[in-house]
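K.L.:
Have a look; sequence and predicted model below, questions after that.
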Amino acid sequence: MPAERLIVRKLNREYILNVSDIDRIDANGNYVTVHPRGAAYPKRESLAALEQRLDRNRFVRVHRGHLVNVDRIREIQPWEHGDYRIVLHDGSCVNLSRRYRDRLENLLR
């Protein structure tokens with residue numbers, strides 16, 4: 001069963017995030033940065049491990065280092081060398097690599 005909430009720590013406090021509020025998750029080694037509605041929270045967990053815990057119908061890997069919430073995608077723009085850029089509702093952009101494009105397209109249909 002996919003996780004509905006994540007616990008993250010920042011400044012010696014624990015925050016409980018609803019996964020539906022998460023726009024994207026970025027990898028940084030054995031850590032990730034969770035981005036809910038314009039905020040940023042570090043979490044000590046790999047992107048691959050977190051991806052396994054989240055709903056595969058809501059979160060999709062779009063790049064080696066990025067997961068996005070498909071419900072938070074505003075538009076997809078052509079980019080360099082056959083890649084694309086995803087623009088999220090919060091205005092942030094994430095690269096969509098060709099390798100992960102088919103999975104995203106299947107979820108958006």
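P.N.:
Received it, and whenever you're ready, just let me know what you need.
K.L.:
lowest confidence element among the helices and strands of the protein?
P.N.:
helix 101-108 (a mean of 88; mean pLDDT, DSSP states H and E).
K.L.:
packing partners for it?
P.N.:
Using 3 or more CB pairs under 8 Å, 6 or more residues apart in numbering; DSSP states H and E, the elements in contact with helix 101-108 are strand 59-63. Every residue, glycine included, has its C-beta placed from N, CA and C.
K.L.:
and the strand it packs on, how far from the chain's centre?
P.N.:
Distance of strand 59-63 from the chain centroid (CA atoms, centre = their mean, to the nearest Å) equals 6 Å.
K.L.:
contacts for it?
P.N.:
Strand 59-63 is contacted by residues 19, 22, 25, 47, 51, 67-70, 86, 94-97, 100, 103-104, 107 when judged by CB atoms under 8 Å, 6 or more residues apart in numbering.
K.L.:
export it as CSV, just CAs?
P.N.:
Extracted C-alpha coordinates of strand 59-63, given in CSV (Å, rounded to 0.1, in the frame of the first residue of the first chain):
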residue,chain,number,x,y,z
PHE,A,59,4.6,9.8,-8.8
VAL,A,60,6.8,9.1,-11.8
ARG,A,61,10.5,9.2,-12.4
VAL,A,62,11.1,11.7,-15.2
HIS,A,63,14.9,11.9,-14.9
